[in-house]
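Peer 1: Need the 3D shape of this:
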Amino acid sequence: RRHTACRSFSERLMTAGSSSTPPAVHQVLATLGYGDAIGNEALGIQAVLRTAGYASEIFVETADPRLEPLTRDCRDLIDASHPDNILIHHFSLGSRASRVAYALPDRMVLVYHNITPPEYFVGVHKDLVRLCYSGRREVRAYVNRCDLALGDSEFNRQELAQFGFPRTGVLPVVASLAHLDETPDRTLVSEFDDERINILFVGRVIPSKRIEDVIRCYQAFRLSHHPDARLLLVGAYGGFESYLASLHHLIATLRVPDVHIMGHISNAELTACYDVADLFLSASEHEGFCVPLVEAFHKRIPVLAYAAAAVPGTMDGAGVLYETKDPRHVASLMDTVLSSPALESEIVRGQDAALDRLLARDFAGVLLDVVDQVTRAPRLPRAEVRWDFWQRFAEWERLEELRLSRPSAYKALPFAPGERGENP
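Peer 2: I've put the predicted structure just below:
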């Protein structure tokens, strides 16, 4: 990634905070992903801040190549740091960017997007078990570091309060739905747009989404009500191939036909999936917000979702919630919704109203009020960091340059990657 390397580390550290420019409001996060909820929110926040006249950059460790020109390397945050600046820190999993932000003198607003409990990944992804466990512990270190902690849902705000944060609030999710306005993929539409019922789920193929429960409910629906139905499963499964294999095994064991696991798809293909869907079915047990529910509202598809975590709050009284995962019960609900046009229309009208309420939230006003509140608040004591933090950080920078410029020399160093040099 691009990085300011013209000055020595000690020079950069000494000049951090010496700028005479007006206060800025920057964002820092581990990665800026293309099309994901956190990436869309970060870009939306930056647009509001710049429109209001604030200098605002997005500092990341990594970014999708399509978004990299919109970002700066998180190591450059040292140069941009100033005690009067505000850092909006998107905390998801603990990262090097998080640690740098913690050690700098800037005021901080922490935005919490939730971390999936590690038990969901046991036996599936051992690295995520460790990362989620350490991440849920590390977030507590920011209790006395940040001036304000915000959840992007009431559910996430409540978790922050449980962690011990004394000052919390909610920053509404930026409901960016423009990606669904693309012309739908014609090939996909021609394949699935017929008289058959299409059941849709959109979300990453990970254990907390409980896609196996979606499959079981779909099978019960087929056997009891509509034998010609289809199931469309849309979402990336990279890194979770073992979980994907377990789903294929379940499909084969139950002999479930017409399950289409589509993986990560384009916006045109996603639009097409929503356009051909008759019902959105979710069995997810852990959501910090769940943007696909809002997307289904926008595309006027009736939603049937398991009432867990942030899902009831996101649905805001609309759609249909269920509290037991008995496949026969859920299949009966599916049939009730799809066999009554009047009921389906009533559900969609309720979802329209919920979406109107979400879009009417004054995101820009809330964000600018947060900035004003933090600016006016008494300054917190400077955060304490290890005495050798910046020395270790400088050491890591040298190792990182070696890893990028001479990877074979880096691999020949007398330590295994991950044992030394990975994190300051």
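
Peer 1: Please name the nearest non-neighbouring residue to H90.
Peer 2: L29 (3.9 Å; Cβ to Cβ, 6 or more residues apart in numbering). Glycine gets a C-beta too; all of them are placed from N, C-alpha and C.

Peer 1: Which elements pack onto whatever helix or strand the one you found lives in?
Peer 2: In this assignment (DSSP states H and E), L29 forms part of strand 25-32. Secondary-structure packing of strand 25-32 (3 or more Cβ pairs under 8 Å, 6 or more residues apart in numbering; DSSP states H and E): helix 37-51, strand 58-63, helix 77-80, strand 86-91, helix 96-103.

Peer 1: for the record, mean pLDDT for it?
Peer 2: Per-region confidence: strand 25-32 scores 93 on mean pLDDT.

Peer 1: Kindly report the same for stretch 403-420.
Peer 2: 72.

Peer 1: Give me the pLDDT value at N40.
Peer 2: 83.

Peer 1: That should have said R137, apologies.
Peer 2: Reported pLDDT for R137: 89.

Peer 1: Surely it is within a helix?
Peer 2: Yes - using DSSP: H, G, I helix; E, B strand; the rest coil, the assignment for R137 is a helix.

Peer 1: T116 versus that one, what's the distance?
Peer 2: Here the criterion is Cβ to Cβ, to the nearest Å. By it, R137 lies 14 Å from T116.

Peer 1: Of these two, which one has the most company?
Peer 2: T116 (23 against 12; other Cβ atoms under 10 Å).

Peer 1: quick one on the thing from earlier: list the neighbouring strands of the strand holding L29 plus their orientation.
Peer 2: strand 58-63 (parallel), strand 86-91 (parallel) (DSSP bridges).

Peer 1: looking at those strands, which is buried most?
Peer 2: Among the strands paired with strand 25-32, the stretch with the highest mean neighbour count (mean count of other Cβ atoms under 10 Å) is strand 86-91, at a mean of 26.

Peer 1: what comes into contact with that one?
Peer 2: 23-30, 38, 41-42, 45, 77, 98, 101, 104, 106-113, 139, 142, 146-147, 371, 374-375 (Cβ atoms under 8 Å, 6 or more residues apart in numbering).

Peer 1: Measure how that strand sits relative to helix 96-103, angle-wise.
Peer 2: 140 degrees (axes from the mean of the first three to the mean of the last three Cα atoms, to 10 degrees).

Peer 1: Run the chain-centre distance for strand 86-91.
Peer 2: Distance of strand 86-91 from its chain centroid, counting by Cα atoms, centre = their mean, to the nearest Å, is 15 Å.

Peer 1: So that it lines up with my notes, have the first residue be 50 from now on.
Peer 2: OK, 50 is where the count begins now, so the last one is strand 135-140.

Peer 1: can you dump the C-alpha coordinates of it into CSV?
Peer 2: Provided in CSV are the C-alpha atoms of strand 135-140 (Å, rounded to 0.1, in the frame of the first residue of the first chain):
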residue,chain,number,x,y,z
ILE,A,135,-11.3,13.3,16.2
LEU,A,136,-10.7,9.7,15.1
ILE,A,137,-13.8,7.8,14.2
HIS,A,138,-12.6,4.3,14.9
HIS,A,139,-14.6,1.4,13.3
PHE,A,140,-14.0,-1.5,15.6
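
Peer 1: Okay, strands next: where are they in the stretch 350-473 of the chain?
Peer 2: 352-355, 369-371 (DSSP state E, counting those that start in this stretch).

Peer 1: So what are the sheet partners of the shortest one and their directions?
Peer 2: With DSSP bridges as the criterion, the sheet partners recorded for strand 369-371 are strand 352-355 (parallel).

Peer 1: For the strand it pairs with, buried residues please.
Peer 2: 352-355 (16 or more other Cβ atoms under 10 Å).
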